[in-house]
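> no FASTA, just this:
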């Protein structure tokens, strides 16, 4: 590892295979926390290359514990995190809205590493019990239209680096990898990323695969459609910059999207929105992100129709019913 670190400290780059091999070593638990921390921080000092990102992704996918969701048409809504915005859990709420609107969701998530409250923190706090049991997860999909995949249960690397990530409290390349390594291998995906550069990398890598995807990024730095300004949407077929007004939404203020900074407070916001008591900006952002996921899942539907479906799911109580049913299975 010393030779690799010295090589990287000279601002040299890894090949795709080298990146895959090193992350495989991390997955196997062959490196100390100090070595992992040193390796991770290299990529905070310079831009990661597409080859490095692809190699890291390949390593995680090869080492992950797969889960068979054949027979289901699934979608994941997952963001990289690492945008420094500390919003409430928009994509997790949107996942339940999407399930309430008739899609089948395999939500991939983890504990927070660089923010106050990740999707796993909220789900665990509210009573969901993480599992990688095949029958249980398929039953949740069949009965509820959604299941939650807690990353450390499916990928040893995520577990091995978790203490280092929590100690650093920085966004790392593991943020970049999260949406790309869902163990359920969904056929459809909406991935939020924290930078335009990463959006372009994602687009390049996803074009090489067979996933039907949308990549979203708000131009003021959010890894989701924040409605605080213009946002970019890249799909298999298009690359667009849209504004809130172009989809019939009002601009919202950043402070209107804030989480509470801790798990209980953010979970309270989560339930308030899910129960139909969210503020207009909170509801609008959740509905918008859900609508673009629905447009990805149902490519024959326009965004206006998907916005109406998302509104009906959230404000009509369908999303809450999905959540309540899922928790009843625990």
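Structure received. Please read these numbers as outputs of a predicted model, since none were measured by experiment.
> wait, is residue 234 part of a strand?
Yes - when classified by DSSP: H, G, I helix; E, B strand; the rest coil, residue 234 is found to be part of a strand.
> quick check, it in contact with residue 201.
No - the pair formed by residue 234 and residue 201 falls short of the contact definition of CB atoms under 8 Å, at 10.8 Å. The way it works is simple: take the backbone N, C-alpha and C, and place the C-beta from them, glycine included.
> and for these two, which residues touch both?
Common neighbours of residue 234 and residue 201 (criterion: CB atoms under 8 Å, 6 or more residues apart in numbering): none identified.
> shaky segments in the stretch 1-150 of the chain?
113-116 (pLDDT under 70).
> quick one: the helices in it?
2-9, 16-27, 33-45, 50-63, 90-100, 119-125, 134-144 (DSSP state H, counting those that start in this stretch).
> and the angle for the first one with helix 50-63?
Spelled out, that is helix 2-9. 140 degrees (axes from the mean of the first three to the mean of the last three CA atoms, to 10 degrees).
> other SSEs contacting helix 2-9?
Using 3 or more CB pairs under 8 Å, 6 or more residues apart in numbering; DSSP states H and E, the elements in contact with helix 2-9 are helix 33-45.
> repeat for the last one
Contacts of helix 134-144 with other secondary structure elements, assessed using 3+ CB pairs under 8 Å, 6+ apart, are made with strand 146-150, helix 318-328.
> could you redo the last one with a cut-off of 10 Å?
The criterion is 3 or more CB pairs under 10 Å, 6 or more residues apart in numbering; DSSP states H and E, and the helices and strands that helix 134-144 contacts are helix 90-100, strand 104-109, strand 146-150, helix 318-328.
> how about the helices of the stretch 1-150 of the chain, which one is nearest residue 163?
helix 33-45 (6.4 Å; CB to CB).
> which parts of that closest one are buried?
Within helix 33-45, the residues that qualify as buried are 35, 36, 37, 38, 39, 40, 42, 43, counting by 16 or more other CB atoms under 10 Å.
> which residues touch the fourth one?
Read that as residue 38. 1, 2, 4, 5, 8, 9, 31, 32, 164 (CB atoms under 10 Å, 6 or more residues apart in numbering).
> could you find the closest non-adjacent residue to residue 299?
Closest residue in space to residue 299, ignoring its immediate chain neighbours: residue 212 at 7.1 Å, by CB to CB, 6 or more residues apart in numbering.
> identify the bridge partners of the spatially most central residue of the chain.
The centre of the chain sits closest to residue 78, judged by CA atoms, centre = their mean, with a distance of 1.9 Å. Beta bridges link residue 78 to residue 191, judged by DSSP bridges.
> I'd guessed residue 227 sits against residue 256; true?
Yes - assessed by CB atoms under 10 Å, residue 227 is found in contact with residue 256 at 9.2 Å.
> mutual contacts of the two, please.
By CB under 10 Å, 6+ apart, the residues touching both residue 227 and residue 256 are 281, 284, 285.
> report the buried residues of the helix or strand where the last one lies.
Element membership of residue 285 [criterion: DSSP states H and E] is helix 280-297. Of the residues in helix 280-297, those buried by neighbour count under the rule 16+ other CB under 10 Å are 281-297.
> other SSEs contacting that helix?
strand 74-79, helix 90-100, strand 104-109, strand 188-192, strand 212-218, strand 231-235, helix 263-274, helix 303-315.
> any idea how far that helix is from the middle of the chain?
15 Å (CA atoms, centre = their mean, to the nearest Å).
> before we move on, what about stretch 190-202?
The chain centroid and the centroid of stretch 190-202 are separated by 11 Å under CA atoms, centre = their mean.
> start to end distance for that stretch?
11 Å (CA to CA, to the nearest Å).
> next: stretch 168-183.
Stretch 168-183: ends 26 Å apart by CA to CA.
> pull out the buried positions in it.
168, 171-183.
> isn't residue 119 right next to residue 96, touching?
No - contact between residue 119 and residue 96 fails when scored by CB under 10 Å: they sit 11.2 Å apart.
> overlap in contacts of the two?
Shared contacts of residue 119 and residue 96, counting by CB under 10 Å, 6+ apart, come down to 77, 107, 270.
> adding neighbour count, write those out as JSON lines.
Output for these, formatted as JSON lines (neighbours: other CB atoms under 10 Å):
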{"residue": "77", "neighbour count": "37"}
{"residue": "107", "neighbour count": "27"}
{"residue": "270", "neighbour count": "27"}
